[in-house]
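In: give me coordinates for this.
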Amino acid sequence: MRGKLVRFLPLLLGLALGLPARAQRGPQHQLDSLQAAHPFLRTAANHIENATIGMQRFYQRLAPVQLAPGERVVVVHLGDSHLQADDYSGRVRRELQRTYGNAGRGLVFPYEVARTNGSPTYRTAALAGTWRTRRVTQLPDSALPVGASGLVLATADSGAAFALRIPALRRPDYAFNRLTVLRQPGPAAFDWQVLGPQGQLLGTVPGAGLGPQVPLELDSLRRSVVLRTTRRSLAQTRAALYGLVLERDQPGMLYHSIGVNGAQVGQYNRAPQFWAQLPLLQPDLVIISLGTNDVYNPKYTLPRFAGQLDTLVRSVRQRCPQAEVLLVAPADSYRARRFRNPEFGRVAATMRAYAQAHDLAYWDFAAVQGGYSSMAQWRRAGLAQADLIHFTRAGYDLQGLLLYLAIQDGFAAFRACATR
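Out: So this is what the prediction gives:
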């Protein structure tokens with residue numbers, strides 16, 4: 001009996017302190033297991049620097065673990081190809097929602113309709129009409145600006161349609177009963193019809209309107225819908241879609257992932273419609289995971305990157321003043337699959353100094369990864385792809401778990417400071 005009591009003391013202490021069930025074993029236990037499985041990691045470095053100041057308001061929002069009815073905590077994770085497939089961000093989302101509650105899938109985009117890769121947590125397919133797309137990586141087009149997803153999907157066809165489906169066997173469950181349509185409004189814009197699997201009309205988003213965001217309350221939790229353009233007058237000639245937000249009627253975490261293959265910091269800076277729509281997501285935390293493509297840009301210089309990063313952060317703070325900002329150092333990678341690239345160490349040092357000077361939180365993933373030239377070890381372990389820039393699904397999954405554990409470690413430090 002005494003032995004059992006000793007064994008359960010951590011659990012009882014965790015309950016007494018109000019810690020989430022999954023946190024009772026503590027991030028350190030999981031880090032020790034990861035270190036044993038992957039000796040090249042430096043798990044001792046897996047913490048958010050300046051977390052108690054740089055993420056203070058975000059952690060204050062997390063403090064009531066059992067969130068009040070309807071209460072949401074919102075994260076926006078901004079990045080490039082490391083995020084577009086959602087393996088990395090998807091693991092962070094799953095872990096945070098397992099701990100704090102699943103408020104829905106969040107921001108999605110019909111990537112398959114745009115003929116590019118997307119998240120396994122939902123599927124889209126074109127059903128009718130001709131679709132065209134633009135990405136934040138392309139030169140800005142005032143006639144077809146990109147929006148909150150970093151992309152835009154457009155059509156000139158009334159009756160153009162695509163399907164969205166949530167796989168039934170995937171966990172967590174992202175069935176939704178609230179659908180927010182982010183579209184281009186105006187007198188020339190088509191209406192959007194939202195249809196059920198049997199073709200029944202669930203709701204209509206008018207083309208005319210003051211803003212791009214229109215929420216629809218659905219009659220029940222849905223796993224599949226069809227979105228179709230329609231018009232009531234000949235003046236309606238086009239439609240542009242910036243994304244959809246999928247939510248469920250319960251408290252918890254919303255984790256929006258915004259990733260565009262090849263994206264650079266400066267490309268987001270030149271997208272005014274993206275910045276106009278970012279506040280609609282109401283983030284409590286904005287995670288910035290950019291820098292890889294900037295370094296490989298032929299015009300790259302470290303001062304140029306630093307200036308663009310400053311512009312990006314200032315835009316976040318201006319548009320979303322309630323949000324904290326977490327800077328993430330880009331991973332180690334190789335040039336042309338053979339040559340180690342020391343520039344990423346200088347980028348990491350610049351980001352750390354910037355975070356310290358502006359009271360931002362900072363996560364040095366490259367250090368946790370194993371440091372300079374560690375990408376080759378990830379490749380040998382089956383965690384990195386042959387280009388030595390991108391990770392495998394297992395590698396992104398590991399990266400997402402490490403970020404979650406770092407966030408939780410920072411939360412524990414924040415709570416410790418708050419009780420002193």
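
In: low-confidence bits of this structure, can you list those?
Out: 1-26, 65-70 (pLDDT under 70).

In: so for it, the centremost residue is which one?
Out: Ser257 (2.1 Å; C-alpha atoms, centre = their mean).

In: report the secondary structure state of that one.
Out: Three-state call for Ser257 (DSSP: H, G, I helix; E, B strand; the rest coil): strand.

In: surely Ser233 is within a strand?
Out: No. Read with three-state DSSP, Ser233 is coil and lies in no strand.

In: against Phe190, how distant is it?
Out: 10 Å (C-beta to C-beta, to the nearest Å). (Each C-beta comes from the backbone N, C-alpha and C, glycine too.)

In: got the domain ranges for the chain?
Out: 24-103+251-418, 123-247 (automatic domain parsing).

In: can you tell which of those domains is closest to Asn117?
Out: Nearest to Asn117 among those is domain 24-103+251-418; the distance by C-beta to C-beta comes to 5.5 Å.

In: can you give me how far the closest one is from the chain middle?
Out: 9 Å (C-alpha atoms, centre = their mean, to the nearest Å).

In: distance of Arg415 from Gln56?
Out: For Arg415 relative to Gln56 (C-beta to C-beta), the value is 12 Å.

In: and for Gly101?
Out: From Gly101 to Gln56 the distance is 21 Å (C-beta to C-beta).

In: Asn293: which element?
Out: helix 292-296 (DSSP states H and E).

In: enumerate the positions of that helix that are buried.
Out: 292-295 (16 or more other C-beta atoms under 10 Å).

In: the stretch 301-420 of the chain: helices as residue ranges?
Out: 302-319, 343-357, 365-369, 375-380, 393-418 (DSSP state H, counting those that start in this stretch).

In: ok, back up a step: more neighbours: which of Ser233 and Phe190?
Out: Using other C-beta atoms under 10 Å, the more surrounded residue of Ser233 and Phe190 is Phe190, with 26 against 9.

In: tell me the contacts of that one?
Out: 155, 158, 207, 229-231, 236-239 (C-beta atoms under 8 Å, 6 or more residues apart in numbering).

In: can you pick the most crowded of those residues?
Out: Ala239 (28 neighbours).

In: buried ones in stretch 302-312?
Out: Buried-residue list, stretch 302-312, by 16+ other C-beta under 10 Å: 305-306, 308-309, 312.

In: can you list those in JSON lines and add distance to Gln399?
Out: JSON lines is the format used below for the buried residues of stretch 302-312 (distance: C-beta to C-beta, whole Å):
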{"residue": "Phe305", "distance to Gln399": "22"}
{"residue": "Ala306", "distance to Gln399": "24"}
{"residue": "Gln308", "distance to Gln399": "24"}
{"residue": "Leu309", "distance to Gln399": "21"}
{"residue": "Leu312", "distance to Gln399": "21"}
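
In: still on that earlier bit, the residue nearest to the centre of the chain - nearest residue in space that isn't next to it in sequence?
Out: Closest residue in space to Ser257, ignoring its immediate chain neighbours: Ser89 at 3.8 Å, by C-beta to C-beta, 6 or more residues apart in numbering.

In: state the helix or strand in which the one you found lies.
Out: Short version, using DSSP H and E: Ser89 is in helix 87-100.

In: which residues sit against that helix?
Out: 20, 22-23, 62, 65, 67, 73, 75, 77, 79, 82-83, 103, 106, 119-121, 172, 252-253, 255, 257, 259, 391, 393, 396-397, 399-401, 403-404, 407-408.
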